[in-house]
Every structure is written in C-alpha cells, then in structure tokens.
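*Asks:* Take a look and give me a structure for this.
(2 chains)
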Amino acid sequence: MTIAATATPPDIPRVQADAALDLTAEMTLRSRNRHAVDDIRKGLALWRLALTLGWLDVRLRYRGSALGPFWLTISTGVMVGALGVLYSKLFKMDLESYLPFLALSQVLWGFLAALVSEACTTFTEAETVIRSVRMPLFVFSIRTLIRNLITLAHNIVVIVLVFAYFLIWPGADALLALPGLAVWVIDALALTLLLGAFCARFRDIQPIVNSIMQIAFFVSPVIWKPEQLGAGAAKLFLNPFYCLLEIVRAPLLGQPIALRVWAATIVYSLVLCVISWAFFVRARSRVSFWI
Amino acid sequence: MSGRIDVENISVWFPLYHGSARSLKKTMFAAASGRLGQDQQKRVVVRALQDVTVSIASGDRLGLVGRNGAGKTTLLRVLAGIYEPVAGRVRISGSLNALLDPSLGMNMELTGRENILLRGLYNGLTKPEIARLEEDVADFAGLADFMDLPMRIYSSGMVLRLGFALATAVRPQILLMDEWFLAGDADFMEKARTRLEEMVRGADILVLSSHQDAIIRDWCTRVLWMEQGRVRADGSPDEVLPEYLGHPLPEREPLPVS
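*Replies:* Residues are numbered from 1 along each chain as shown, chains lettered A, B, ... in the order given. You can find the predicted model right below:
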C-alpha cells in the first residue's frame, strides 16, 4: 500500500530549485561570501519574478481607482505648482527659472525618499514568502527598486509638462544624467540589502531613517537652489544627498557637474556598497529568523 | 542525480528579539519545558532543534510525528533551506519543493491567472511552462470563467482547490509536506488524493509531517518521532507508531482517507 518512487512523466514541469544545497553552521567568511554572491546571482536570474512583483505592487496600491498610478503624477504636479508659485515669491526668483528646477528636484527627491523608506521593509514585507520557501533575498531588493522606478516613471510626466510649458529642452546633455541614474540603481540595491536586513533585526530603525530623510530634505537643495547658499555652496558636496541629486539633476538642467561632486558621489557609493555587503554577508542566513 | 538529504548534528535556535522576549511568563513557561537557554551573547533563545541527525536516501518516505511544538515544521524548514542551522550541517541534493504554506505568495486581490503566473515565476518556470501550468491548474481547480476575476470573490472551496492545484503542479525530486496539505473536506480529498499520490510517486524522497497516523502508515516507510526538538525514535511505522501512540496499531483495513 506504500507509494513507491517511479519515473516522472516527461511533460510535467520540474521545480528549478537548488539542485544541491550545502549549509553548515561553521561558516568561514569565504563560504559566507560565496553564499551571498550566490544569492545575488540567483536573484538576478529571477528578474522576471522581481519585475512582476514590483509591477503588481504598484497596480495593487491603486486598485479600483480610475486614474491608477497617475494619481501620483497629479499630486506631484499640484504640489510642484503650488510650491513653485509660493517659493518663487518667497525666494524672489522668477517662475521661469525656479519652477523647472523645483519640478525636477521634487520628483527626484520623491524617488530617493520613498526608496530609502521602503528599503526598510524590503524583507519584512516578504515575510510569508521568505518563511515558506528558499528564495534569494536579492529578488526582494530588485522588487523594491522596480516599484520605485515605476513610480518615478509616472512622475516624470510632471517634469516633461513643466519643461514643455517653459519651452526648455536640455538637449543631448541630458544623456549625461544616465551615468548618474546608473549610480542610483547600484546605490538603491545596496541600500535595500543593508536597510532591509538591518530593519528586520532592529525594528526601531525605520522611524529613525524616516526622520533622517525629513531633515535631509530641508538641508539638501531640493526646494532651494545651491546658489542661494552663496559661498557655502562650495561645501555642499559634503552632503551625500546633494551629490546624488546633482549627478542626475544638473545634466537635465543643462548645467555642468563639478568634478568634486562626482568624486564625492563615487566615494559615498563605495562606502555604502562596502558597508552594505559586509552586513549582508553576515546577515543573509539570519534574515529568515529575524522577520 | 537521485535525491538525498544528510542532516548532521544540526541545532536551530530562535533568538527572541521582539516583543516581551524576556517576560516572566515566557521565561517560566520555557523553563518548564526545558528548551529555553542562552547563547554565547547571553541572548534568550528557544532551542527549536537540538542535535538532530538524520539521513534520507532516495526512495525513503519519511513521516514526522510528534506533539505540537516538537520541531516538525522547523525541521521541514531546515530541509527546505529556509532556516540555516546554528550548528551542524545540512546537505541536500535534488530539486526540492516545500509545501509548507498553502497560500504561498498568493494574493487575494489578484486574479486566478495572475496568481498562477506568480507561482510559476516563484518556481523559476519558463514562459511555455507557465502556459502549461495555467492550463493544468485551471482544469483541476475548475475555475473556468473565474480565471480572470480577483480571488477575493472566490468561494473558499475554489481558493483551496487553486492553492492545492498550484502546489501540486510542479514535480520535485524531494517533496516536503506539512500537514495542512491534507486538510479539506472528504469530497475534495477524493479528487485531490489521486493528484497528490501521483506527485508523491514521482518524488525520490517524501518528508511528511502529520498528526494523522492513518496517513503516515499509508504513505510512509519510515517514521521519525520528534520530541522537544530532538529525535526520540527513528524506524519503520510498525515499530515507532505504537510506541508514539501508546497503543498497538489497529488492523490495516479499512483505511479512512480524510
């Protein structure tokens, strides 16, 4: 009456999961590192899953609404319009130079702030999946990034409209924003791995991160222009958020990027990636216990 | 390559970080059960598995028995590679499917078709494979016109059938099953059983955790009795089950299903 093993019919899909798995508790740094690299590699192989999850996240957030994610565009547009008129008066700047700057800054900052905040829940929000199947954690990092990129893509409409209204065309220089965006993608993935794991372990981190981002919003030139700082503008590169904003924003506004801004960005990104990797290598195997 | 699992002296401890980990009540309760301890960093931990060693070879059908909290599900999660041990070593060769959560990655707001797509992607299937999965699952679950409607309007029976059909649609070499899988009304079990048996037959190794000794007797060739995170006994069902149940096994026929 016991069921014996027989051959599988050929037309039934087989699970593509790990063909071999060797997990030991006494791991050297080297084997931990190998497992972490493996996680990234397998996560990248599942890019279609990450893409779908990110896309469904956006769709589900706006389920049943007629305009869907375009509500984001509208709310960003209204905010940019209102702030633009008000602040151009407060700062005594003409609307034509201020509004395009603000639209661009606000949309880019919106992406950065949301990404940092959501990085904290990268793994905790996937709790049920992580606890019921062995899944590369990097999949969830990509998912958080994709979700935010889709949101950014919707908000870009605001920038395009404002630029079109004032007949601004950045020209071929805009392509110089692409290396900046590449840095954003790498930093974003590093940050989701770091904050995702760290916040799974220490639940108090997310509120702290959110208040840091709030402060960063005011001390970084998002709604105010770097020039307004006068002589202090030369020291702005000490603010990592300024550098990150500038490497994407400046080319789109047709402005040159100071060499020290790029140099500082690369240093900040390297530091972030090193810290993030060092933590992830140690934390990877523990995340399923923490969430 | 045939499936094989080697578990050597593994321990799994759960650190209690969140909530009232050190509350008096929990400490007392845990002290009474003798499974609370401290690791080297003086953190409070629950020793879910302690020094478990087991080898499972191709052809084995292993049943896990034991009271609630004996470590059955934790052991399944270790075998699935979800929990990595804090001591010891786990080696697994062969493709693996763990049926631990009936609603793995399912989202009630999504349509049946989208949920099938998601599961296919979770399993790393290719596009044509997902198309076949869709056909197979829709057919078994009897969804027909409901395929493109959100799952939240499904009847509970439809949700159960869809979950079951999805979980049993891919055929692994190593099949890990938690007992939720055998829940369901008699009508459904009738239909499900054929499909499940087909999948079990196709697998090199079955590890099944269940409280229903009839199912264990019926499907397993070997029984592992877990107690307080340790292996209490390991042997054939006829040896281990009477000791575990505390009474001799009843006659083999008839065998109730549910």
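
*Asks:* Report the buried residues of stretch B:188-202.
*Replies:* B:A192, B:L196, B:E198, B:M199, B:V200, B:G202 (16 or more other CB atoms under 10 Å in any protein chain shown). To be clear about C-beta, it is placed using only N, CA and C from the backbone, and glycine gets the same treatment.

*Asks:* Same list, those residues, but as a markdown table with distance to chain A please.
*Replies:* Below are these laid out as a markdown table (distance: CB to the nearest CB, whole Å):
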| residue | distance to chain A |
| --- | --- |
| B:A192 | 15 |
| B:L196 | 10 |
| B:E198 | 9 |
| B:M199 | 9 |
| B:V200 | 5 |
| B:G202 | 4 |
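
*Asks:* what's the average pLDDT for stretch B:202-219?
*Replies:* The pLDDT scores in stretch B:202-219 average 86.

*Asks:* Just give me how far the lengthiest helix in chain A sits from the chain centre.
*Replies:* Counting by DSSP state H, the longest helix found in chain A is helix A:138-165. Relative to its chain's centre, helix A:138-165 lies at 10 Å (CA atoms, centre = their mean, to the nearest Å).

*Asks:* next one: stretch A:101-111
*Replies:* Worked out by CA atoms, centre = their mean, stretch A:101-111 lies 14 Å from the chain centre.

*Asks:* How about stretch B:112-126?
*Replies:* Computed by CA atoms, centre = their mean, the chain-centroid distance of stretch B:112-126 equals 20 Å.

*Asks:* Identify all contacting residues around that stretch.
*Replies:* The contact list for stretch B:112-126 (CB atoms under 8 Å, 6 or more residues apart in numbering or on different chains) reads A:13, A:15-17, A:45-46, A:48-49, A:52-53, A:56, A:129, A:133, A:135, B:97, B:104-107, B:110, B:129-130, B:133-134, B:137-138, B:141, B:143, B:146-149, B:151, B:154, B:162, B:166, B:169-170.

*Asks:* same deal with stretch A:30-45?
*Replies:* When contacts are defined by CB under 8 Å, 6+ apart, stretch A:30-45 is touched by residues A:24, A:27, A:50, A:136-139, A:141-142, A:277, A:280-282, A:284-285, B:124.

*Asks:* Flag every buried residue along that stretch.
*Replies:* A:R32, A:H35, A:A36, A:D39, A:I40, A:K42, A:G43.

*Asks:* all helices of chain A, in order?
*Replies:* Counting by DSSP H, the helices of chain A are A:29-45, A:47-61, A:70-90, A:95-119, A:127-132, A:138-165, A:177-201, A:205-219, A:240-252, A:259-283, A:287-290.

*Asks:* ditto for the stretch 51-200 of chain B
*Replies:* B:72-79, B:112-122, B:127-141, B:156-167, B:186-202 (DSSP state H, counting those that start in this stretch).

*Asks:* nearest to A:L167, of those helices?
*Replies:* helix B:112-122 (42.9 Å; CB to CB).

*Asks:* Same question for the closest one: list its buried residues.
*Replies:* In helix B:112-122, counting by 16+ other CB under 10 Å, buried: B:G112, B:R113, B:E114, B:N115, B:I116, B:L117, B:L118, B:R119, B:G120, B:L121, B:Y122.

*Asks:* Can you tell me which of those is nearest chain A?
*Replies:* Minimum distance to chain A across the buried residues of helix B:112-122 is 3.9 Å, recorded for B:L121 (CB to the nearest CB).

*Asks:* can you pull the contacts of the spatially closest residue to the closest one that is not a sequence neighbour?
*Replies:* Distance criterion CB to CB, 6 or more residues apart in numbering or on different chains; nearest residue to B:L121, sequence neighbours excluded, is A:L49 at 3.9 Å. For A:L49, the contacting residues are A:V139, B:L118, B:L121, B:Y122, B:G124, by CB under 8 Å, 6+ apart.

*Asks:* Also A:P240?
*Replies:* With CB under 8 Å, 6+ apart, A:P240 has these contacts: A:A264, A:T265, A:Y268.

*Asks:* Considering these, which is situated nearest to chain B?
*Replies:* Comparing every one of the contacts of A:P240 with chain B (CB to the nearest CB), the shortest separation belongs to A:Y268, at 30.5 Å.

*Asks:* Return the distance of the residue nearest to B:L121 relative to B:G120.
*Replies:* A:L49 is 9 Å from B:G120, where distance means CB to CB, to the nearest Å.

*Asks:* and if you look at A:K235?
*Replies:* 53 Å.
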